[in-house]
Structure formats: structure tokens, C-alpha cells
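>>> output the structure for:
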Amino acid sequence: MVPMGAGALAGAVGAFLLVAGLARLAGAGAQATSQIVLAGIAGSQLFNALTAFIIARSANAEQARGLMFWLLGNLSGVRWPDVHLALPAALVALVVVTAHARSLDAFAFGPEAAAALGVRVGPVRVVLIGVTAMAAAVMVSIAGAIGFVGLVVPHAARMLVGTGHGRLIPASALIGAVFLVGADILSRIVIPGQVLPIGVVTALIGAPIFAVILIRHGGPR
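Modelled structure (predicted):
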């Protein structure tokens, strides 16, 4: 697990540097958030291609099948010793992000407004994205990539507790944990005698919900 965790952390740092570099080269300003999202999409496609290339070059058919299953997320192989790695990473991320709750509230009005309110935009972004990349790397090294949890759950939590990040962050963590456990249960009972990758379950549930959120908040009002 240590080599895998170290590799995941190195990959996360590399992805973070790539995304930050692309966003910086694209320029700052009112469209900074959009630039970061687009840079993230580009980085995701690049690393997905590299992953597929490594699997194709290094694994036989059975190993490739196992790797693809793991890449879609799977808690079947997680054991209690993994908690010793996952729990500190989750707590550190939760504490750091919660400590920056006021800065995140300011970011809701845009980076220029946050800077006018006294937020050090650049350093705060580096800290928040860095600690998020660290936590994500640790979790992916343990359970694989499970999509749509971090994309959909915060929107659901916002509907329940409001937009204040002091409440939104712990609510998102709790709802995300409950949602993941529920998805794991569904993955074991949907097809009798088989276990689906959790990423398949979260995508089947999360994609339609995200589409509804996108239409409601991004479409004409």
C-alpha cells in the first residue's frame, strides 16, 4: 500500500502542478474558475491516456481487467489497516478546509471580490487545492477512483444547510460518507452474485442529479 500511496500522491502532485500551470498560463481574472475547470479537464484526459497506455503495455488480459475494475472504485479490498492512512488524510483535509471557510465564502463572489475583502487569493488557492489533491490521492490509492461524490454531494448539502461553508463543509463530508456507504451496498445487491464497481453506481445516480442541478442553476431563470 505504501508504494501505491506514494505513487498516487506523486501523480496527484503532478496533476495539481499541471492544472495550476495551465490555468496560470491562460491568465487570471473574471474567468479564472472556468480556466481552472478547463485545465482540469485537459489534465484528466492526459492522465487517463497515460494510465491506459501503461496498462496496455504492462498488463495481461486478467491484470488489465482487475485494474479497470479497481479504477472504477471498489471497497471490497479495503481493510482496517487502511484506516490508519485514510483517517489522518481525511481529518487534515477537513481541518484545513474548514479553517478557510470564511475565505471560501468570499470566493463565492469571485476572486476580485475575495481579494478586496482581504483574502490572499493565490496562497489560499494553493493550500486548498494542494490539501484536496493530497486527500484525493490517499483515498484513490485505497479505493480507486469513485466519481460524482464530490461533484454532486456539495450541491445536495447546500440545499439542506445553505451556502455558508462553516456548515456546508462538515455537512458535505457527512452526506458524502453516507452516500458512499449506500452506493457500496447497492453495488453488492444490484446483480446477484456479482459486485459492481462503486464508480458505476455513483455515476448512474450522480450523472442525472448533476444534469438536473446544471439545468436548474445554469439555464435560463
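>>> C-alpha only now, for contacts and for neighbours.
OK.
>>> what helices or strands is the one helix or strand residue 24 maps to leaning on?
Assigned by DSSP states H and E, residue 24 falls within helix 2-26. On a contact count with 3 or more Cα pairs under 8 Å, 6 or more residues apart in numbering; DSSP states H and E, helix 2-26 meets helix 32-58, helix 121-143.
>>> run through who's touching the last one.
When you say that, I think you mean helix 121-143. Helix 121-143 is contacted by residues 1, 4-5, 8-9, 11-13, 16, 70, 73-75, 77-78, 82, 85-86, 89-90, 92-93, 96-97, 100, 103, 111, 114-115, 146 when judged by Cα atoms under 8 Å, 6 or more residues apart in numbering.
>>> can you report phi and psi for residue 92?
Torsion angles at residue 92 (phi, psi; degrees, to the nearest 10) stand at phi -60, psi -50.
>>> likewise for the one 3 residues further on?
Main-chain torsions, residue 95, degrees, to the nearest 10: phi -70, psi -50.
>>> repeat for residue 192
Here residue 192 shows phi and psi, under degrees, to the nearest 10, equal to phi -60, psi 130.
>>> gap between it and residue 173?
30 Å (Cα to Cα, to the nearest Å).
>>> so residue 147, which state does it fall into?
Put simply, residue 147 is coil when judged by DSSP: H, G, I helix; E, B strand; the rest coil.
>>> returning to that earlier point: make a markdown table from the helices and strands packed on helix 2-26 and add distance to residue 187 to it.
Below are these laid out as a markdown table (distance: least, Cα to Cα, whole Å):
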| stretch | distance to residue 187 |
| --- | --- |
| helix 32-58 | 24 |
| helix 121-143 | 14 |
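>>> could you export the ones you listed as a markdown table, including mean pLDDT and mean neighbour count?
Shown next, in a markdown table, are these (pLDDT from 0 to 100; neighbours: other Cα atoms under 10 Å):
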| stretch | mean pLDDT | mean neighbour count |
| --- | --- | --- |
| helix 32-58 | 78 | 14 |
| helix 121-143 | 87 | 19 |
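>>> much appreciated, bye for now.
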